[in-house]
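Enquirer: let's see this in three dimensions:
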Amino acid sequence: MFNNPFSFEGRIRRTEYGISFIIYLIPAVVINSIMRQGGAAAMVGVAYIPLLWFLWAQGAKRCHDRGNSGWFQIIPFYGLWMLFADSDNGVNEYGENPKGIGN
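Expert: Numbers count the residues shown, from 1 in each chain. The predicted structure follows:
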């Protein structure tokens, strides 16, 4: 779990995607609360860059697990679909099934 979390290559399971989203939410809430104070605290907003990179990379890998391009994650509510939909069985063009289930 969490091999190369900032890489856009490979596939991940629903569990790892869900945990990744929770890991993103916690610092995002903290950063938002700091930024609301204004002033120099707004510079903390730069911390969003690695957080968003992490979230997009994990989302792309989950899209790959479903057999889709990583660009599918920009479709509204597709993130919810990735959280509940099952993966492709066996090997697809993005790699082997992380569950180890083959056809």
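Enquirer: show residues contacting the longest helix along the chain.
Expert: Ranked by number of residues, the top helix in the chain under DSSP state H is helix 14-35. If you take C-beta atoms under 8 Å, 6 or more residues apart in numbering as the criterion, helix 14-35 is touched by 1-2, 5, 12, 41-42, 44-45, 47-48, 51, 54-55, 58-59, 61-62, 79, 82-87, 98. All C-beta spots, glycine's among them, are computed from the backbone N, C-alpha and C.
Enquirer: ok, now with 10 Å
Expert: 1-3, 5, 12-13, 41-48, 50-52, 54-59, 61-63, 65-66, 79, 82-87, 98-99 (C-beta atoms under 10 Å, 6 or more residues apart in numbering).
Enquirer: show me which of those residues are buried.
Expert: 5, 12-13, 48, 51, 54-59, 61-63, 65-66, 79, 82, 87, 98 (16 or more other C-beta atoms under 10 Å).
Enquirer: now the helix or strand where L55 lies: average pLDDT?
Expert: In the assignment (DSSP states H and E), L55 maps to helix 48-65. Averaging pLDDT along helix 48-65 yields 93.
Enquirer: counting contacts, what elements does that helix pack onto?
Expert: Here helix 48-65 touches helix 14-35, helix 78-84, going by 3 or more C-beta pairs under 10 Å, 6 or more residues apart in numbering; DSSP states H and E.
Enquirer: for the record, mean pLDDT for the shortest one?
Expert: Spelled out, it's helix 78-84. Per-residue scores along helix 78-84 average to 90.
Enquirer: that helix packs against which elements?
Expert: helix 14-35, helix 48-65.
Enquirer: touching, G59 and I12? I think so.
Expert: Yes. Using C-beta atoms under 10 Å, G59 makes contact with I12 at a distance of 9.5 Å.
Enquirer: okay, and the common contacts of the two?
Expert: With C-beta under 10 Å, 6+ apart, G59 and I12 have common neighbours S20, M82.
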